[in-house]
Every structure is written in C-alpha cells, then in structure tokens.
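Engineer: Here is my input, please return the structure:
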Amino acid sequence: MSDINQVERLLSGLNRAEKAQVLQWVVEDLGDAFPGIENIPNVCGGEPCIVRTRIPIWILVHARNLGMTEADILNAYPTLRAEDLVNAWAYYRAHQKEIDQQITENEAA
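Structural biologist: The predicted structure follows:
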C-alpha cells in the first residue's frame, strides 16, 4: 500500500477535530507554499504561474493594476477560476517585490 493510500485510510477514521489538527500540521509543514501556484524552471521562464494554465502571476497583478476587475480577468482568461485569483493575490502579497520586478522587466522588454 502506498503512503498516500495509508494516509487516506487513516484520515477516514478520524473525527472532524482530528482532521483539522492534521490539516494544521500540514499547513505548518508547507510553510510558504501557495496552493495553485507553481514555479517550473522551463515553463514561463520559471516565473510563478497558475497551475494548469501557464499564466504568470505578474500578468494577473499587472492587469489588476491597470484597472481590470476580477470579472474582467476571468473573462479574458477563461481557464482561470475565481479561486486562482485568490491564490494569485495571496502570492503577490507575500512576494510583492519579486512580482513588481517581473512586471517592470516585462514592460521594458
């Protein structure tokens, strides 16, 4: 049995409070990980992107800075979900200097 199968089996036997405790441990262990955001060296130059889409976070932040609403962004990028934007904004808050630098570099290009 794989580790993930064992974890799934163990979780099914826990009550809600115990599951919440496990979730808290996992979140603490992940540290600064952001769900739905990935950095892959050969994808989009290694810039942080929304998973499944190859849409860099800096593009979304730049669009918002230019006055696009979340609805506008979701219409412009039909593969995005509202959850993706929530994750993008959280990533931006934690990595503002990095994303602002990417916007500056890409505007100059």
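Engineer: R64 contacts I73, doesn't it?
Structural biologist: Yes. Counting by Cβ atoms under 8 Å, R64 touches I73, with 7.0 Å between them. Where you see a C-beta, it was placed from the backbone N, CA and C, and this is true even at glycine.
Engineer: Pull the residues that contact the lowest-mean-pLDDT helix or strand in the chain.
Structural biologist: The weakest-scoring helix or strand in the chain, judged by mean pLDDT, DSSP states H and E, is helix 16-30 (a mean of 76). Residues from elsewhere that reach helix 16-30 (Cβ atoms under 8 Å, 6 or more residues apart in numbering): 11, 14.
Engineer: domains of the protein?
Structural biologist: Annotated domains of the chain cover 1-31, 37-108 [automatic domain parsing].
Engineer: now, of those domains, which is deepest in the fold?
Structural biologist: Stretch with highest mean neighbour count among the domains of the chain: domain 37-108 (a mean of 15; mean count of other Cβ atoms under 10 Å).
Engineer: Quick one: mean pLDDT over it.
Structural biologist: The pLDDT scores in domain 37-108 average 94.
Engineer: how long is it end to end?
Structural biologist: 25 Å (Cα to Cα, to the nearest Å).
Engineer: Sketch out the helices for the protein, chain order is fine.
Structural biologist: Taking DSSP state H as the test, the helices found in the chain are 3-12, 16-30, 57-65, 70-76, 82-94, 96-108.
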